[in-house]
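Enquirer: below are the sequence and a predicted model for it; my questions follow.
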Amino acid sequence: MIQLFNYIDRVSPIHRLTGASKLACMLCWVLAAMVTFDTRYLIALTVFALALFRVSRIKVSEVKVILIFSLVFLFMNNLLIYLFSPEHGVSLYGSRTVLLTFTNRYSITAQQLLYHANVVLKYTATIPVVILFVSTTQPSEFAASLNKIGVSYKISYSVSLALRYIPDVVDEYHSISLAQQARGVELSGKENLIKRLKGATAILMPLILSSMDRIEVVSNAMELRCFGKNPKRTWYRERKFTPLDYGTIVLGFALIAISLGLQAVNGGRYWNPFL
Amino acid sequence: MKEPIIKFEDFGFQYDAQAEPTLKNINLEIFPGEKILIAGPSGCGKSTLTHCMNGLIPFAYPGESTGKLTIQNKEAKKLSIFEISKMVGTVLQDLDGQFIGLTVAEDIAFALENACMGQDDMKKEVRKVAEKVGIGGHLEHAPDALSGGQKQRVSMAGVMVNEVDILLFDEPLANLDPATGKKAIEIIDQIQAESGATVIIIEHRLEDVLWRDVDRIVLMKDGRIVTDAPPDELLSTDVLPENGIREPLYLTALKYAGVTVKPESKPQSIHSLTLSEADEYLVREWFHARKTAEAKEERKVLLKADKIDFTYENGFHALKNINIEIQEGELLAIVGTNGAGKSTFSKVVCGFEKQQVGSLAFHDEDMKNYSIKERADRIGYVMQNPNQMISKPQIFDEVAFGLRQRKVPENIVKAKVEEVLKICGLYPFRKWPVSALSFGQKKRVTIASILVLDPQMIILDEPTAGQDYRHYTEIMEVLQDLHERGITVVMITHDMHLMLEYAQRAVVFSGGKVIADDTSANILTNPQIIEQANLKETSLYDLALLCGIEDANLFVQHFIDYEKEEKRG
Amino acid sequence: MKNFSVKTIVAIGIGAALFFVLSTYVAIPTPIPNLKVSVHYPVIAVMAMLFGPVAGCLMGLIGHFLSDLASGWGVWWSWVAGSAFFGLAMGFVGFKIDLAKGDFGVKGAVIFNVVQVIAHLIAWGLIAPALDILIYSEPVEKIFLQGAVGSVGNIVSTAIVGTILCFAYAATRAKKGSLKMEK
């Protein structure tokens, strides 16, 4: 079975927080980091995020795979940016301080470096928080949390259903795929792309049809147990807010407020030390 | 006389999309506290009747109804599906479809959440109901950590939280192994005894349901009720076989022996059955008149599994030192509980998984370096659910698919496809779309689509699951035919009847090991193996003991041989 | 939004699960190294046509959100928005073509493909890049090249896989009335 949400059971203040407040705070945090291009603030957010990581008692080794993924993605993205636009920072910050020259087109400028630092920091400021949310929140609590932060309960339940049936769909995909491979379908190998895509339909068609059957059975089962009867519903997994939860939400909003405040101070999204 | 809790009066129903009514002239009264079994072949209307009782008709499946249906004295037409579900709780056949929650506790709580119950009450209620069905120790488990039997209990708990007076079970035995099925029937019985609820079971596996008493059996065919009688009465007639339902095996045996079954002898279960001296004598005579079995001819070994050992990535040790020899042209059953290793074994044989230790030889040649496709040219694999295999809208294209993938010229494709369609009894349908076929016919399409690749061996996962007796027989005739043509047929199954009737030999898996490899008759009369592998002893065994026949396994073997003769003649 | 039928709710959940599984586990290699074509968009297109634009939009949104969340590179909102838009757009095709009734012919294929090309171009050529520029101030050239590569792969896979799936699905819904057995 796949472990979709890498929930790691620990005793920590962050685990004790309700999913709803963590979700709200995570979303605010990510938004705050997206809006700002103030390098100082991004550094502060990164340090803060890493500190929270310590508090959660999650070990780095436990989220190693996710972390490696992120780093590779981060590296590739920065490389692409540089290859395409080595002078991007210069145009953003409106000055050019050359540190090193390779060719006519490619040189290293302080502005470009600062821009890259910002991009990297945007990741380092948010990824720990996302990982933290994923590994300290039980999937069961996720739907209840969405509902609590204002998403309609029906749509929240769609999310819960997706989490419930992902493992079943994975199993189904694998068994269909193996049976079709036995009949000669190849998704990789020597065939050309169009043949392979056509071959894929031999797997996807049964998958769609059986998903349609599943939709019918599950919706019958839900209807027979009165889903959608009332304008709201309660949740078995919902937890009561503690003062810390309110604090967490306030923190989230404060981060956005700082982000907006810095915009006013800096006269724009960028903190520009080259002025 | 009590008031009926459910009452159909001249009831009829026609789906919007259909030209003919599916239910006609239904008159049925069900009284509080009764236990009713509704049986009938596929397409007889029993699921439609179920949907009428639980409110899915007309809310999920629109159509026109005639006559009158009242549930607890309220006219069903005037009720919403929510009001009906306060009275009628339904346990669906598809256990994964019914299990909606991410954990056991959430799934049981589902109806309570929808009713906006406060959390403290909800937790208390969930615990209480979970204890009742014996799942209290698994509240935090996810569905994939549960067995089929446990999932079914969760489903029961999930509808019982509504405190319904009527419990409806839609084919409760379909996805369970024999021993678990037996247990499920016991739990249903126990729940009824404790709660006094009215229980309605829809099932065509009659003998298994009758493991515990029922009050009445309602037999349906073609949208009508054929018979509505207490089991002892119904089983004393020939109405079951006439309507495509298999009667309990011990009754068939008694008929073969020339015994006339009467209601007074309580035929509803082998344990209540009483036979006169004269009847027992007839059975013994029938047994003694048997012919001695022909000596088995030694055949060449087709597939040899030598010391196979396999562990999944997640550390689950699924196969432990498996040694099996499958002979050329054999018809073999592989049985055992879920997780016993039988499916894993077939995956290893097909090359879907690679064993860490041991070797597989096909015609004395090591298959180690064969790809999935190369193995498939020799060993065909038919999945349990035909809907997971069929990818083309037209029958012909579906069957031709494997050949076309192998770039076989179209004129040969046509000849081959037509040939296998004939073998599978599908030739008259060759121009039909797959969607117009019944489940059983689709199953035969998948067999044809594998057969067309000319495998020497074919492995089928639960070839007859979810089939009524007629479709079961049709599929098994195809497999019997293949067997006679010299193709080796391996069936992975839970179905004791299937194993007994068709398989010459059975290999029993338990806990990743092979614990028996013998004739079906010997296995199903061996209490120790039955217990260990979650099988169920055949009622023929009890019948033999009842009649004072000590060689129960020979008696069972005789029954199988006799039945084969009967069918041929 | 409040009046969603239970079936639509379930379809959104299962559709999102399909998106997740297909985008996480299935990628078909192309002749260009490291470029893989994925097949979740054609499947979402079919599901969106069957269940409508709002359902389609939410399948894309939830499916992409969850797969980002589980993948480790953080939630990449701009691309999540692209998936949501694609589901939305294909849902509108369902108003023109009633796939559930088996209505998909040459005309259907033309409409389907015109809309999917436009939808992919808007999603990966406009919405996702615009958000990327807004959020990350990434260089325009890089973003649009990524968008173009993404669009082309998705358009090709939706054109081939999606069209075949639509035809096949429509055929399963064909009328059963006039069938005769032939000897």
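Expert: Okay, I see it. Numbering: from 1, shown residues only, chains lettered A, B, ... in the order given.
Enquirer: is any part of stretch B:396-412 close to chain C?
Expert: No. Stretch B:396-412 lies out of reach of chain C by CB under 8 Å from any CB of the partner chain, never closer than 9.9 Å. Backbone N, C-alpha and C define where each C-beta goes, glycine included.
Enquirer: and the contacts of that stretch?
Expert: Applying CB atoms under 8 Å, 6 or more residues apart in numbering or on different chains, the external contacts of stretch B:396-412 come out as A:183-185, A:199, A:202, B:376, B:390-392, B:413-414, B:416-417, B:420-421, B:430-431, B:434, B:445, B:448-450, B:452-453.
Enquirer: CA atoms only for that stretch, dumped as PDB, please.
Expert: The C-alpha coordinates for stretch B:396-412 follow below in PDB (Å, rounded to 0.1, in the frame of the first residue of the first chain):
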ATOM      1  CA  PHE B 396     -14.500  -9.200 -31.800                       C
ATOM      2  CA  ASP B 397     -11.900  -6.400 -31.300                       C
ATOM      3  CA  GLU B 398     -11.500  -7.300 -27.600                       C
ATOM      4  CA  VAL B 399     -10.800 -10.900 -28.400                       C
ATOM      5  CA  ALA B 400      -8.500 -10.000 -31.300                       C
ATOM      6  CA  PHE B 401      -6.600  -7.400 -29.200                       C
ATOM      7  CA  GLY B 402      -3.800  -9.700 -28.000                       C
ATOM      8  CA  LEU B 403      -3.200 -11.000 -31.500                       C
ATOM      9  CA  ARG B 404      -3.100  -7.600 -33.100                       C
ATOM     10  CA  GLN B 405      -0.700  -6.400 -30.400                       C
ATOM     11  CA  ARG B 406       1.500  -9.300 -31.600                       C
ATOM     12  CA  LYS B 407       1.100  -8.100 -35.200                       C
ATOM     13  CA  VAL B 408      -0.600 -11.300 -36.400                       C
ATOM     14  CA  PRO B 409      -1.900 -10.800 -40.000                       C
ATOM     15  CA  GLU B 410      -5.600  -9.900 -40.100                       C
ATOM     16  CA  ASN B 411      -6.900 -12.900 -42.000                       C
ATOM     17  CA  ILE B 412      -5.400 -15.200 -39.300                       C
END
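Enquirer: now it: average pLDDT?
Expert: Stretch B:396-412 comes out with an average pLDDT of 92.
Enquirer: in helices, which of the contacts of stretch B:396-412 fall?
Expert: The members of the contacts of stretch B:396-412 that map onto helices under DSSP state H are A:199, A:202, B:376, B:413-414, B:416-417, B:420-421, B:445, B:448-450.
Enquirer: tell me where the model's unsure across the chain.
Expert: Answering for chain A, as no chain was given. A:1-5, A:189-190 (pLDDT under 70).
Enquirer: my question was about chain C, not that one.
Expert: The model of chain C has pLDDT under 70 over residues C:1-3, C:31-35, C:72-73, C:174-183.
Enquirer: burial count for whatever residue of it ends up closest to chain B?
Expert: Among the residues of chain C, C:Ala171 lies closest to chain B, at 3.2 Å counting by CB to the nearest CB. Residues lying near C:Ala171 (other CB atoms under 10 Å in any protein chain shown) number 17.
Enquirer: state the pLDDT value of the closest residue to chain C within the stretch 151-300 of chain B.
Expert: The stretch 151-300 of chain B approaches chain C most closely through B:Gly158 (15.9 Å), counting by CB to the nearest CB. Note on B:Gly158: pLDDT of 93.
Enquirer: wait, is it part of a helix?
Expert: Yes. Looking at B:Gly158 with DSSP: H, G, I helix; E, B strand; the rest coil, it is inside a helix.
Enquirer: hang on, the earlier thing: now list the buried members of the ones in helices among the contacts of stretch B:396-412.
Expert: Buried subset of those (neighbour count, 16 or more other CB atoms under 10 Å in any protein chain shown): A:199, A:202, B:376, B:413, B:416-417, B:420-421, B:445, B:448-450.
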